[in-house]
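Visitor: predicted model and sequence follow; I will ask about them next.
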Amino acid sequence: MWIDVSQRLDNNIAVWPGDTPFSYEVDVSKEESGSVNIGKLTLSTHTGTHIDAPFHFDNEGKKVIDLDINLYIGSAVVVHLPNRQLIQKEELEKLNLDNVTRLLIRTDAWQNRTVYPEEIPTLESEAIEYLASIGVLLIGFDLPSVDHMESKTLPNHHKLASSGIHILEGLVLDDIPYGHYQLIALPLPLVEGDGSPVRALLKKEKK
Ligand SMILES: N[C@@H](CC(=O)c1ccccc1NC=O)C(=O)O
Ligand SMILES: [Zn+2]
Ligand SMILES: [Zn+2]
């Protein structure tokens, strides 16, 4: 059974401070067109559950269309690391992450999803190096960013990208225990995209 671990997209969804509010409206109604309702979306590419392409923080970086879709489908491990400000290498070393290419970290630090949190946990730089060294290619968080909310230099975004680790943000992992899963979290084929909303799904593996 597939479990939806995406944020629902409605007109009340919280967005990054100052970013474009999400809006869905029926632009042309069935009555107006005589045949169909036609919706219109206005949204930031960083709305809800989404991936970041390197172009988000690097003008020379890959755009969404350039990213390998295989990153976003396949086996993943969910780990639960609540009540931390800094996620350290030592802590990750204690987990059994052999052969893990997709790592999803449940922090539980974004409790009230109607607003963006002021402070969120982050990975220390050595932890990113460690994850790259064991072959992690995708990291996902139940958080709006992999850097501190107020960061303008986005060191973890840059370090993850230069380490070959791709970024998935805004997952809803509230009810997801530690374990092995199959993940699907495909971005839209946005040719110029710096990021894309995804529908993120998990299915428990039998091991
Ligand atoms: N890094 C965040 C988004 C982000 O930084 C942001 C998104 C919209 C408008 C402004 C942003 N950052 C401004 O410093 C993310 O990846 O979703
Ligand atoms: Zn983002
Ligand atoms: Zn980001």
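Guide: Happy to help now that I have it. Ligands and ions are numbered 1, 2, ... in the order given.

Visitor: who in this structure is up against ligand 3?
Guide: Contact residues (Cβ under 5 Å from the ion) of the chain with ligand 3: Asp52, Ser145. C-betas here are computed from N, CA, C, even on glycine.

Visitor: quick one, strands of the chain?
Guide: Along the chain, the stretches classed as strands by DSSP state E are 3-4, 23-28, 38-42, 50-52, 73-80, 86-87, 102-106, 122-123, 138-141, 166-169, 179-187, 195-204.

Visitor: so which of these is the most packed in?
Guide: Comparing those by mean neighbour count (mean count of other Cβ atoms under 10 Å), strand 50-52 comes out on top with a mean of 27.

Visitor: who are the packing partners of that strand?
Guide: strand 166-169, strand 179-187, strand 195-204 (3 or more Cβ pairs under 8 Å, 6 or more residues apart in numbering; DSSP states H and E).

Visitor: what pairs with the nearest residue to Leu188 once chain neighbours are set aside across the strands?
Guide: Of all residues not flanking Leu188 in the chain, Ser196 sits nearest, at 4.7 Å (Cβ to Cβ, 6 or more residues apart in numbering). Beta-bridge pairing for Ser196 (DSSP bridges): Ile51.

Visitor: including distance to Met1 and mean pLDDT, could the helices and strands packed on strand 50-52 go into JSON lines?
Guide: Below are these laid out as JSON lines (distance: least, Cβ to Cβ, whole Å; pLDDT from 0 to 100):
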{"stretch": "strand 166-169", "distance to Met1": "21", "mean pLDDT": "98"}
{"stretch": "strand 179-187", "distance to Met1": "11", "mean pLDDT": "98"}
{"stretch": "strand 195-204", "distance to Met1": "7", "mean pLDDT": "98"}
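
Visitor: in CSV, list those along with distance to Asp10.
Guide: Formatted as CSV, the helices and strands packed on strand 50-52 follow (distance: least, Cβ to Cβ, whole Å):
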stretch, distance to Asp10
strand 166-169, 19
strand 179-187, 20
strand 195-204, 13
